[in-house]
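Q: need coordinates for the following:
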Amino acid sequence: MNLPNILTLFRMFLIPFFILVFFSNIKNNIFYSIILFLIAGLTDVLDGYIARKKNLVTKWGIVLDPLADKLMLLTVLTCLTINDIIPLWIIIIVSIKELAMIIAGAILYNKDFIIPSNIFGKMATLMFYISIFILNFNSKYGEYLLDIAVLSALLAFTNYLLFYLKQK
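A: Numbers count the residues shown, from 1 in each chain. All right, here's what the predicted structure looks like:
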């Protein structure tokens, strides 16, 4: 197990802590949970950078890293939806998109075909991190950015689909 994969597992390990803090009665619980989300985002950037820079890219990491991202994002969006901070349609659309990506990824992985992450997926992920952070300070502006993040995610999904069809 290398450092990038450990960072990815750490990101997954943060998920239950995010939920605990988010639904706790401590003062500023939402703010602290968003900090945990941002720490997860930092580990995402760090694990990818280290893996590429130190030539530590593994097949396991290529699969686990986006799975950790998806699980963290779905957790955060679900919590925000439960607390009526964001509208229900966002979690529905993102869940369908992410579930399709997870199922397709598992099928393709079993066929030794891996679609690498690309700039569209990275930009969508970045937009989610930014919008959720901003949501904590300005709900209206954060919701606009979240709408853009959802559109970015759908664009990324379309791009991954086109990449697959072109390779087929």
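Q: which helix or strand contains the residue nearest to the spatial centre of the chain?
A: By Cα atoms, centre = their mean, the chain has its centre lying nearest to Asp69, at 3.3 Å. Assessed by DSSP states H and E, Asp69 sits inside helix 59-82.
Q: list the buried ones in that helix?
A: For helix 59-82, burial by neighbour count (16 or more other Cβ atoms under 10 Å) applies to 61-81. Yep, even glycine has a C-beta here, placed from its N, CA and C like the rest.
Q: the residue nearest to the centre of the chain is in contact with Leu126, isn't it?
A: No. If you go by Cβ atoms under 8 Å, Asp69 and Leu126 don't touch, sitting 11.1 Å apart.
Q: go through stretch 93-113 and flag the buried ones.
A: Buried residues in stretch 93-113, defined by neighbour count with 16+ other Cβ under 10 Å: 94-95, 97-98, 101, 105.
Q: now, among those, which is nearest to Leu162?
A: Using Cβ to Cβ, Met101 is the member of the buried residues of stretch 93-113 that lies nearest Leu162, at 14.0 Å.
Q: so what's the closest one up against?
A: 66, 70, 157, 160 (Cβ atoms under 8 Å, 6 or more residues apart in numbering).
Q: next, it: phi, psi?
A: Torsion angles at Met101 (phi, psi; degrees, to the nearest 10) stand at phi -70, psi -40.
Q: Leu56 now?
A: phi -110, psi 20.
Q: list the contacts of the closest residue to it other than its chain neighbours.
A: Leaving out its chain neighbours, the residue that sits closest to Leu56 by Cβ to Cβ, 6 or more residues apart in numbering is Asn2, at 4.6 Å. Counting by Cβ under 8 Å, 6+ apart, Asn2 touches 51, 56, 58, 61.
Q: report the separation between Val21 and Phe128.
A: Separation of Val21 from Phe128 (Cβ to Cβ, to the nearest Å): 19 Å.
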